[in-house]
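Asks: This is the structure alone, sequence omitted:
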């Protein structure tokens, strides 16, 4: 008992002097994440360029086409065995990373990295409509986990490093460090932890710096938009409603596509994966613009100003092919394809507005940029991350107000309709495969967790002793208005309090879920 008390006291004392430690760990996370995600980004760019070279080489030559289709089918079978070797490398990787942080399971960090790098590269070389950004979250998280394990970090530090590695993955993939930091809190933790904020900001900036060493400092998109007049903001409101509905439809169809793919259980998984890659090979011969993440669609939208009919066709084709690709479970994400879909739907709204209301053509780019953030907000249900992400993708201050307007309205409409956020759906489906917690050690380590009492929380105004925290949980400190308070049984909790608590690693998953429900219900 005395040893446990000493351990708890050491954790509290360390918390008061840990800023420098968090900065050093953040640099460590940023370096390993930046290097691994930059490697992945390079491999995918190389694979996509080679894919286009192959398609140009086989085009119009039936024997070459036949050989290419056989090869791409074989690659699909190979990817199946890679995912079978490391199942946690399938899909985007964001649900697996979230599950790791919340204690549902423990991913083998080096196998996940190897499988994701190889499987993701082969998937893009075969043309599936999947991006690098979701996998970069997992690569970042697993790289940070590997660094934590190799340096023998305690479990609390390991969880923090994984969280910050996930955000640093977004930063390295998009050159968006602020969005990466926001992603940690809005999508993974759903709350603010000052320790993670300190480490996360450092990690995302360092990862972004390393990525820019290899890929330059240019933004991902190079749009030059004009400030849209305030009298046209009624169109932004309508656009927000449209995108809210579109986002909920996207989530619904993606879930149905996955369910339909799983219903084909009589067909061996290797055959199904090979068939998906074969279809991708055929599509590439006729509509190469919709392959991979969507870089060719981006170039087409920026350079050639396609007609409304072409915009609609490519939008529908990209959406359907993206749902088909993602439902297969092949390694790859949906964040970049999602942004491309938003850009095209925004361009469609812009062209309609120009034709119907006589809007000047130069304002079309505002619709494109607002579309990316609006669709992200309604699908992922993380509007602040979407707003900051698109701002960092474009680097254009003129579009900040319209994209914020569309995003917040889109987010509100999606909430009213009631469809669950996309990654929350994927997380629940991933957790369903795990019936028992991975961690069940007799002498498991205590984990330090931070919780913020939100406005309207049911524990506001209650004494600590009147709340059933659980016998494996202990409140060790409360921060109120930047002032530490020693917790006692009769201490009354208030909105905005930051509760620092130790949770047994043995029952981390169950206790963490219960505390979240106690604080937020």
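Replies: That came through fine. Treat the numbers as computed from the prediction; the structure is a model and nothing was measured.

Asks: what about the helices in the stretch 351-500 of the chain?
Replies: 364-380, 383-394, 400-417, 422-431 (DSSP state H, counting those that start in this stretch).

Asks: Flag every buried residue along the shortest one.
Replies: Spelled out, it's helix 422-431. 422-427, 430-431 (16 or more other CB atoms under 10 Å). C-betas here are computed from N, CA, C, even on glycine.

Asks: I'd like to know how many residues surround residue 35.
Replies: Residue 35 has 17 neighbouring residues, counting by other CB atoms under 10 Å.

Asks: same question, residue 288
Replies: 16.

Asks: What of the one 5 residues further on?
Replies: When counting by other CB under 10 Å, one arrives at 27 neighbours for residue 293.

Asks: Same question for residue 449.
Replies: When neighbours are defined as other CB under 10 Å, residue 449 has 19 of them.

Asks: Around residue 416, count how many other residues there are.
Replies: Neighbour count for residue 416, taken as other CB under 10 Å: 9.

Asks: Please determine how far the closest residue to it other than its chain neighbours is located from residue 110.
Replies: Nearest-residue entry for residue 416: residue 244, 7.7 Å, with adjacent residues in sequence omitted and distances by CB to CB, 6 or more residues apart in numbering. As for residue 244, its distance to residue 110 is 41 Å (criterion: CB to CB, to the nearest Å).

Asks: Between those two, point out the one with more neighbours.
Replies: Shown here are residue 244 and residue 110; by other CB under 10 Å, residue 244 has more neighbours (27 against 14).

Asks: Contacts only, for the residue nearest to residue 416.
Replies: 374, 378, 409-414, 416-417 (CB atoms under 8 Å, 6 or more residues apart in numbering).

Asks: mind giving me a markdown table with these and columns for pLDDT and distance to residue 227?
Replies: Shown next, in a markdown table, are those (pLDDT from 0 to 100; distance: CB to CB, whole Å):
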| residue | pLDDT | distance to residue 227 |
| --- | --- | --- |
| 374 | 94 | 18 |
| 378 | 94 | 24 |
| 409 | 96 | 19 |
| 410 | 96 | 21 |
| 411 | 94 | 23 |
| 412 | 95 | 24 |
| 413 | 96 | 25 |
| 414 | 94 | 27 |
| 416 | 93 | 30 |
| 417 | 92 | 31 |
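
Asks: Return the members of these classed as buried.
Replies: 374, 378, 409-414.

Asks: what's the closest of these to residue 24?
Replies: Of all those, residue 24 sits closest to residue 411, with 36.5 Å by CB to CB.

Asks: Surely the closest one touches residue 381?
Replies: Yes: judged on CB atoms under 8 Å, residue 411 makes contact with residue 381 at a distance of 6.5 Å.

Asks: Spatially central residue (nearest the centroid) of the protein, please.
Replies: By CA atoms, centre = their mean, the chain has its centre lying nearest to residue 134, at 5.0 Å.

Asks: contacting residues for it?
Replies: Residue 134 touches 91-94, 332-335, counting by CB under 8 Å, 6+ apart.

Asks: same thing with residue 288?
Replies: 52, 55, 127, 296.

Asks: out of those, which is most surrounded?
Replies: residue 127 (28 neighbours).

Asks: Near residue 222, how many other residues are there?
Replies: Neighbours around residue 222, by other CB under 10 Å: 12.

Asks: what's the distance between it and residue 412?
Replies: Taking CB to CB, one finds residue 222 at 31 Å from residue 412.

Asks: Next one, pLDDT for residue 364 please.
Replies: Looking at residue 364, its pLDDT stands at 86.

Asks: Once you drop chain neighbours, what's closest to it?
Replies: Closest to residue 364 by CB to CB, 6+ apart is residue 350, at 4.1 Å.

Asks: in the helix or strand the one you found falls within, what's buried?
Replies: Using DSSP states H and E, residue 350 sits in helix 335-357. If you call a residue buried by 16+ other CB under 10 Å, then helix 335-357 has these buried ones: 335-351, 353-354.

Asks: for it, packing partners?
Replies: For helix 335-357, the elements it packs on are helix 133-150, helix 233-263, helix 295-303, helix 308-327, helix 364-380, judged by 3 or more CB pairs under 8 Å, 6 or more residues apart in numbering; DSSP states H and E.

Asks: quick one: it to chain centroid distance?
Replies: The chain centroid and the centroid of helix 335-357 are separated by 22 Å under CA atoms, centre = their mean, to the nearest Å.

Asks: tell me the angle of it relative to helix 308-327?
Replies: 160 degrees (axes from the mean of the first three to the mean of the last three CA atoms, to 10 degrees).

Asks: same question for helix 335-357, mean pLDDT?
Replies: 91.

Asks: Quick one: work out the angle between it and helix 383-394.
Replies: 80 degrees.

Asks: what does stretch 219-235 rub up against?
Replies: 174-175, 236, 298, 302, 343, 349, 353, 357, 359-360, 362-363, 365-366, 368-369, 392-396, 398-399, 402, 405.

Asks: Quick check: ChimeraX command selecting the buried ones in those residues.
Replies: Command for ChimeraX that selects the buried part of those, burial taken from 16+ other CB under 10 Å:
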select :174,175,236,298,343,349,353,359,363,365,366,368,369,392,393,394,396,398,399,402,405
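
Asks: Contact partners for residue 86?
Replies: With CB under 8 Å, 6+ apart, residue 86 has these contacts: 108, 111-112, 114-115.

Asks: These into CSV, with extra columns for secondary structure and pLDDT?
Replies: Compiled in CSV, the contacts of residue 86 are given as follows (DSSP: H, G, I helix; E, B strand; the rest coil; pLDDT from 0 to 100):
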residue, secondary structure, pLDDT
108, coil, 93
111, helix, 95
112, helix, 95
114, helix, 96
115, helix, 96
